[in-house]
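# Got a sequence here, can you model it:
(2 chains)
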Amino acid sequence: MLLANKGFVNDAHSAASSKGVPGIRVVGESVACESTVIPEIEEGVAAAMDDVIEALTSPLSPEEKSPEQQTGKTPRVAFKGTLQEVNQFFYRKGWGDGLPIIPPTEEAVAEMLTGTDLPPDHIVTKIIPRKGKATIEKIAVNAVMAGALPTHMPVLIATVEAFADPKARFDTFEVSTGSWAPSLTINGPIRRDIHINCSSGSLSPGDISNSAIGRAVGLIVKNIGGARKAIEDMGVIGNPGKYSLVIGEDEEASPWEPLSVERGFTKEDNTVTVFFPNTFIQSVPGGTDAKGILSTLAAMGTTSMSSVILIPSWAKVLAGEGYSKQDVKDYIAEHSKPVVIPGFEEMASSDRIDTDNLMILVAGGPGSFIGLLKSVGPRFFNNALVTKKIRLPKNWDKLAAKYGILKPIYERY
Amino acid sequence: MNRFLIMLSIELLAVMVVGSLAMAQGPGSYDPRKPDLQYEVLSPWADVDPIQLRGISPRLTSFDGKKIGLYVNTKRAAMPIANAIDKELKDIFPDIDTIIFHSNLPNVNEIKTENKDKFIAWAKSVDAVIAVVGD
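Next comes the predicted model:
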């Protein structure tokens, strides 16, 4: 039997089922999570002991002895109804993210599938915790729901491939109490083809590619991986980045080599780099020369598994004073002081900055602010940035031309 | 151009604008001209490979002389909770024995780690297990 905080009972049952033992008995206790107060722990355990003993001794039901075998199949067609009825059905099923969805009809999914040369039944990977089969068709269904375009499919497929890379530690970050959100950084010519915003307000809503790709990723995690909020995804506070955290590097405005080149690809390659931050902070630099910018980066609490988002102006200042990207990383590694929470000194001391997992990203628009996406505490999991090549279908030029016309035109008022 | 032709032109223009917007917006665009349109939709929920489901182990009929395994994960509350369970069990059933297995790696399947042999030996040595996860 398993003893867990009562808020984690559903999570425990899902974990047991996905491991093939759905009958495991779970007793919920009321000890504060990660409590360090011994009298409180003893009181909570004492209150749960009758249930613990019952779980260890009461005879098994027939279902607990021999659970009914499942086919693992889901009916391909889920529902038929009006737009409102479809939305209500999906919401009740827990398949949405709280916003209206586009109905994934056969026709809409077929159109989405034009964004890849892979067949609909091709399995990219199985996404944990449920080990759902991430077929091309299921990715497309979730992409339609999110309002994505067929030109987004290559990015989504590469992102799912990144999740399957053990170095990403997706298994931990998709469901952890730390509310880590998948961050996607796009490099290569595809940024311009699909209008990934790399400039002003890149991380704000308003651009279909930045918004819909991230939204589709969230739905894929939920509906293919089976990581549902407060059931299996146990993020305590949650994270607005789980709606979308997609940015492109402004390669054209950067004085340095693109992130993709740093990570072993060519400038012509299209790539997505994935990691899981749970914190986003911003600051104006203490001064607008290299010294002012660098001292600010060090003071912002930058750690490994961070993405420092430098606007082109500050990148040019640093490059102009002779700093390469690696020099900036080395400066941060040397001067950044880890945030030390009393009681977690050991974790902080082990979190020496590994510059291979520190991104210096040139993005953002006119202004002064520096952005920092960072993962608080994840070095414990030996995770790393993961970059995957985005593979385009043969008909890419036609697709990009067809959907590339979709751009907002803001009229002056 | 008479009034009828002007109105017809405006209506046709409106239809064309709405139609072209629907096409440009991508898959599954909503057609505002047909609010009662029925949509047959595909499921976003993934298939899984069927796995052989296993029943749970028979329960204890008594605690007399039994050996209870306490599996403790890496969360900081897990060990104090296990210690509290140990104390409670021994208060209630003085002749039981308990053996703790303390996992030293977060979020892993124990039998896929270097601790595999130690873990299996521990599991085989006990009559029942209480897993303590500290959350």
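# Tell me the secondary structure at A:Gln282.
Following DSSP: H, G, I helix; E, B strand; the rest coil, A:Gln282 is assigned to strand.
# List the contacts of it.
By Cβ atoms under 8 Å, 6 or more residues apart in numbering or on different chains, the residues touching A:Gln282 are A:Phe369, A:Ile370, A:Gly371, A:Leu372. All C-beta atoms are positioned from the backbone trio N, CA, C, and that covers glycine.
# and if you look at B:Leu42?
A:Arg76, A:Val77, A:Ala78, A:Pro104, A:Thr105, A:Glu106, A:Val109, A:Glu137, A:Val141.
# mind giving me JSON lines with the residues you listed and columns for neighbour count, pLDDT and secondary structure?
Shown next, in JSON lines, are the contacts of B:Leu42 (neighbours: other Cβ atoms under 10 Å in any protein chain shown; pLDDT from 0 to 100; DSSP: H, G, I helix; E, B strand; the rest coil):
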{"residue": "A:Arg76", "neighbour count": "11", "pLDDT": "98", "secondary structure": "coil"}
{"residue": "A:Val77", "neighbour count": "11", "pLDDT": "98", "secondary structure": "strand"}
{"residue": "A:Ala78", "neighbour count": "19", "pLDDT": "98", "secondary structure": "strand"}
{"residue": "A:Pro104", "neighbour count": "30", "pLDDT": "98", "secondary structure": "coil"}
{"residue": "A:Thr105", "neighbour count": "22", "pLDDT": "98", "secondary structure": "strand"}
{"residue": "A:Glu106", "neighbour count": "13", "pLDDT": "98", "secondary structure": "helix"}
{"residue": "A:Val109", "neighbour count": "23", "pLDDT": "98", "secondary structure": "helix"}
{"residue": "A:Glu137", "neighbour count": "22", "pLDDT": "98", "secondary structure": "helix"}
{"residue": "A:Val141", "neighbour count": "32", "pLDDT": "98", "secondary structure": "helix"}
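# residue contacts, the residue lying closest to A:Phe8 once chain neighbours are set aside?
Counting by Cβ to Cβ, 6 or more residues apart in numbering or on different chains, A:Phe8 lies nearest to B:Asp135, which is 5.2 Å off, once chain neighbours are set aside. By Cβ under 8 Å, 6+ apart, the contact set of B:Asp135 is A:Ala4, A:Asn5, A:Phe8, A:Cys33, A:Glu34, A:Thr177, A:Met234, B:Lys75, B:Ala77.
# Which of the helices or strands spans the fifth one?
Assigned by DSSP states H and E, A:Glu34 belongs to neither a helix nor a strand.
# How about the backbone phi and psi for it?
phi 60, psi 30 (degrees, to the nearest 10).
# In contact with the closest residue in space to it that isn't next to it in sequence, which residues?
Nearest residue to A:Glu34 in three dimensions, chain neighbours excluded: B:Ala77, at 5.0 Å (Cβ to Cβ, 6+ apart). By Cβ under 8 Å, 6+ apart, the contact set of B:Ala77 is A:Val31, A:Ala32, A:Cys33, A:Glu34, A:Ser35, A:Thr36, A:Ile41, B:Gly134, B:Asp135.
# Next, count neighbours for residue 96.
You didn't say which chain, so I picked chain A. Neighbour count for A:Gly96, taken as other Cβ atoms under 10 Å in any protein chain shown: 20.
# look at chain B instead
B:Ile96 is flanked by 18 other residues according to other Cβ under 10 Å.
# So it sits against B:Gly69, correct?
No. Look at B:Ile96 against B:Gly69 with Cβ atoms under 8 Å: they stay out of range, at 11.2 Å.
# where in chain A is pLDDT low?
By pLDDT under 70, the low-scoring segments of chain A are A:346-351, A:377-380.
# mind listing what the residue nearest the centre of it touches?
Note on chain A: the residue nearest the mean C-alpha position is A:Pro182, at 1.2 Å, using Cα atoms, centre = their mean. By Cβ under 8 Å, 6+ apart, the contact list for A:Pro182 reads A:159, A:163, A:173-174, A:214, A:217-218, A:221, A:241-242, A:245, A:274, A:276.
# One more pass at 10 Å, please.
A:159, A:162-163, A:168, A:170, A:173-174, A:214, A:217-218, A:220-221, A:239, A:241-242, A:244-246, A:274-277 (Cβ atoms under 10 Å, 6 or more residues apart in numbering or on different chains).
# Please enumerate the helices of chain B.
Along chain B, the segments classed as helices by DSSP state H run B:3-24, B:78-92, B:116-125.
# quick one: B:Arg33 and chain A, what's the gap?
Counting by Cβ to the nearest Cβ, to the nearest Å, the gap from B:Arg33 to chain A is 12 Å.
# Show me the strands in the stretch 51-200 of chain A, by range?
A:77-81, A:123-127, A:132-135, A:183-187 (DSSP state E, counting those that start in this stretch).
# want to try TSV for those, with distance to A:Ser254 as columns?
Below are the strands of the stretch 51-200 of chain A laid out as TSV (distance: least, Cβ to Cβ, whole Å):
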stretch	distance to A:Ser254
strand A:77-81	44
strand A:123-127	31
strand A:132-135	33
strand A:183-187	11
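# coming back round to it: looking at the contacts of B:Leu42, which is nearest chain B?
Minimum distance to chain B across the contacts of B:Leu42 is 3.8 Å, recorded for A:Ala78 (Cβ to the nearest Cβ).
# So that closest one is in contact with A:Lys138, correct?
No. Counting by Cβ atoms under 10 Å, A:Ala78 does not reach A:Lys138; the two are 11.9 Å apart.
# joint contacts of those two?
Shared contacts of A:Ala78 and A:Lys138 (Cβ under 10 Å, 6+ apart): A:Pro104, B:Leu42, B:Ser43, B:Pro44, B:Trp45.
# Ramachandran coordinates for the first one?
This means A:Pro104. A:Pro104 adopts backbone torsions of phi -80, psi 80, taken as degrees, to the nearest 10.
# worst average pLDDT in the helices of chain B?
The weakest mean pLDDT among those belongs to helix B:3-24, with a mean of 49.
# ranges for the strands of the stretch 201-350 of chain A?
Under DSSP E, counting those that start in this stretch, the stretch 201-350 of chain A gives strands at A:246-248, A:271-275, A:279-283, A:306-310.
# With that, I have no additional questions.
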